[in-house]
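Undergrad: compute the structure for the input listed below.
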Amino acid sequence: MKFITNYPLTTSNAREHFSEIINRTSYGKERIILSRRGKDLAAVVPMEDLKLIEMIEDKLNLQDAIEAFKESKLKGSISLDEFKKEIL
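TA: Here you go, the predicted structure:
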């Protein structure tokens with residue numbers, strides 16, 4: 001079976017050809033979109049792509065943490081108990 005990776009592959013078709021999808025993704029480095037009833041649901045991507053996405057997420061999380069730390073130094077912070085009192 002030949003997949004056109006620019007277009008979604010239905011989940012029922014993917015079920016029938018699961019091992020080929022895994023091989024094309026892992027060895028052929030293809031990205032395959034899975035859809036159901038015309039709606040994109042998920043993607044099967046090479047591990048290298050997933051690792052890159054996770055590295056980007058980690059970097060963004062670190063930047064957010066640094067910004068939050070800077071803000072706490074400028075504006076101050078409150079204890080967990082004080083926070084609980086404020087929201088209850």
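Undergrad: and the pLDDT at residue 76?
TA: pLDDT recorded at residue 76 is 88.
Undergrad: got the phi and psi for it?
TA: phi 90, psi 180 (degrees, to the nearest 10).
Undergrad: what do you get for the one 3 residues further on?
TA: When read as degrees, to the nearest 10, the backbone of residue 79 gives phi -70, psi 160.
Undergrad: just how off-centre is the longest helix seen in the chain within its chain?
TA: Using DSSP state H to define each element, the chain has its longest helix at helix 47-75. Helix 47-75 sits 14 Å away from the centroid of its parent chain (CA atoms, centre = their mean, to the nearest Å).
Undergrad: buried stuff in it?
TA: Applying a neighbour-count criterion of 16 or more other CB atoms under 10 Å, helix 47-75 contains no buried positions. (Glycine included, C-beta is placed from N, CA and C.)
Undergrad: next structured bit after it?
TA: Counting by DSSP states H and E, the element after helix 47-75 in chain order, helix or strand, is helix 80-87.
Undergrad: average pLDDT for that following helix, rounded please.
TA: The pLDDT scores in helix 80-87 average 91.
Undergrad: how is the chain partitioned into domains?
TA: If you go by automatic domain parsing, the domain ranges for the chain are 9-45, 48-87.
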